[in-house]
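>>> sequence plus the predicted model coming up.
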Amino acid sequence: MTSDAPTGAPVLSHDARSGDLETHLHGVGQDPDQPPYASWARRVVAYLLDTAVVGGVAFLAAGATSAPAVLPGLSSGAGAGVGVDDSAWLALTVLGLALLQAYTGATPGKRVAGIVVVRQETGRPAGIVTTVLRWLAHVVDCVLLIGYLRPLWHPQRKTFADSMLSTVVLHRTRPDAARPLARRRASALVTAAAVVLCGTGAAFALGPTSTASSSWVTGCDPAPTADSTTAPLTFVSVEADFVPTTVTATRWGVTRSSTDPDPSTPYGSGWTGLTAVYFVDAAAGTETHEPVDADLVLAVQDVDGAPVSEEASTFRVSFDAGGSTWQQIEGTTSAGSVAEAVNVPEAALDGLAPGWTWRASLRVDGQEVASCAGAGAGASDARAAQL
């Protein structure tokens, strides 16, 4: 095949000695000299597989039910409570992934997906320095995720990190080598091992999970005191939540202790221990124009009734023609508590024998106006009881 000089149109030609027609039309179809750039879909699959590997290790080593993000800006879960520095096994896994990509061009996920990361100029693996810098450069990619989507339209399928570090992702299982050290059979074995690793990671990262926890929720309706009839505030009800620091999670018969934050904690705060959420309102017919100081108090007693801990949240209520304004008073509120909730840390409850109790009360200007109480962990009946 030759090209007509004036028009540039392709002209069919053949080898006079062999009689074979030239099979490639210049300018038509894929250029055989162009590297086989990896598709965006393959890169996504590789990321998901690597995340599965990290997630499996995170569960087996640290009991985490969600894994740290493999790339900046991409979270693998709403409450990923474990970091790379929380487990030596997890740190070694991440280091191993970095070294594999740096010196072979592919992590296990990339190997299974059939892609490699190489230097654009040489087609060889990028090395550890470029690999680390490329990972850090992904911070630019995570801005509105534009960089991660850029391979969809970039001619060389590059993210911003690839452009900054002069790397390219190719559709092949290993980079070019002047002296290949592995034969086809060895390459197939490596790919098979990567498949097993990714499959095992996915099984423990995404497998069915059963959890066990000593958490509980109860509540009570406060009983007013004799002096509460003139109080400007009404204690309507209270809800008490106990959330332990550690829960157990089981996947495929393997049980691990997990410290992931529980999204069911009050207000999604991540609090552990005992938290009482108070529902307080202005009393009907209140006509006072003076600010009122009040305290939400949560006390814990042991099985013998001896005091163990008492925490409080102090706030001020101002009344006007338009209603009331509530403001928490800083400096007098216990650490970890907010305007409408009081927390007793789990450490204060450690070692308590079954049968301990909690008591929630409302004090207005130092005078208790209503209270109620309930049984703590280990009691035979978790329903609240009036004291």
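Sure thing, it's come through. Numbers count the residues shown, from 1 in each chain.

>>> so where's the protein uncertain?
Applying pLDDT under 70 to the chain flags the ranges 1-34, 75-81, 176-183, 228, 259-270, 285-289, 321-322, 330-339, 377-387.

>>> what's the longest strand in the chain?
The residue-count maximum for a strand in the chain (DSSP state E) belongs to strand 307-320.

>>> export the helix or strand just after it as PDB, just CAs?
Where DSSP states H and E defines the elements, the next helix or strand beyond strand 307-320 is strand 323-328. Written as PDB, here are the backbone C-alpha positions of strand 323-328 (Å, rounded to 0.1, in the frame of the first residue of the first chain):
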ATOM      1  CA  GLY A 323     -40.500  32.400  71.900                       C
ATOM      2  CA  SER A 324     -37.300  31.200  73.600                       C
ATOM      3  CA  THR A 325     -33.600  31.000  72.800                       C
ATOM      4  CA  TRP A 326     -31.400  28.200  74.000                       C
ATOM      5  CA  GLN A 327     -27.600  28.600  74.400                       C
ATOM      6  CA  GLN A 328     -25.100  26.200  75.800                       C
END
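
>>> count of neighbours near the closest residue to Thr131 other than its chain neighbours?
Nearest non-adjacent residue to Thr131, counting by CB to CB, 6 or more residues apart in numbering: Ala102, 4.1 Å away. For every residue, glycine as well, the C-beta is placed using N, CA and C. Residues within reach of Ala102, counting by other CB atoms under 10 Å, total 18.

>>> give the buried residues for the helix or strand in which Ala102 is found.
According to DSSP H and E, Ala102 maps onto helix 88-104. Neighbour-count burial for helix 88-104 flags Leu90, Thr93, Val94, Leu97, Leu100, Gln101, Ala102, Thr104 (criterion: 16 or more other CB atoms under 10 Å).

>>> returning to what we had before: wait, isn't the residue nearest to Thr131 in contact with Ile128?
Yes. Taking contacts as CB atoms under 8 Å, Ala102 lies within contact range of Ile128: 4.2 Å.

>>> what's the neighbour count on the closest residue to Ala231 other than its chain neighbours?
Using CB to CB, 6+ apart and skipping the chain neighbours, the partner closest in space to Ala231 is Val369 (4.3 Å). Neighbours of Val369 under the rule other CB under 10 Å: 25.

>>> neighbouring strands - and their directions - for the helix or strand containing Val369?
Per DSSP H and E, Val369 falls inside strand 367-375. Using DSSP bridges, strand 367-375 pairs in its sheet with strand 223-224 (antiparallel), strand 357-364 (antiparallel), strand 384-385 (antiparallel).

>>> among the ones you listed, which is nearest Val190?
strand 357-364 (58.5 Å; CB to CB).

>>> chain center to that closest one, what's the gap?
Computed by CA atoms, centre = their mean, to the nearest Å, the separation of strand 357-364 from the middle of its chain amounts to 36 Å.

>>> just stretch 137-156 next, same as before
The answer for stretch 137-156 is 22 Å, by CA atoms, centre = their mean.

>>> ok, now stretch 192-206?
With CA atoms, centre = their mean, you get 20 Å for stretch 192-206.

>>> hmm, who's touching it?
49-60, 67, 108-109, 111-112, 251-252, 254 (CB atoms under 8 Å, 6 or more residues apart in numbering).

>>> check which residues of that stretch are buried.
Applying 16+ other CB under 10 Å to stretch 192-206 flags Ala194, Leu197, Cys198, Thr200, Gly201, Ala202, Phe204, Ala205, Leu206 as buried.

>>> which pair of the residues you listed spans the longest distance?
Most distant of the buried residues of stretch 192-206, by CB to CB, are Ala194 and Leu206, 17.6 Å apart.

>>> I'd say Thr234 and Ala294 touch.
No. Between Thr234 and Ala294 there is no contact under CB under 8 Å: 11.0 Å.

>>> which neighbours do these two share?
Val280.

>>> on that earlier part again, show me what contacts the residue nearest to Ala231?
Residues near Val369 by CB under 8 Å, 6+ apart: Pro224, Thr225, Asp227, Ser228, Ala231, Leu233, Phe235, Leu362, Arg363.

>>> can I get the residues you listed in TSV including neighbour count and distance to Ala212?
Formatted as TSV, those follow (neighbours: other CB atoms under 10 Å; distance: CB to CB, whole Å):
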residue	neighbour count	distance to Ala212
Pro224	15	39
Thr225	16	40
Asp227	11	45
Ser228	19	42
Ala231	22	43
Leu233	23	40
Phe235	29	34
Leu362	26	35
Arg363	20	38
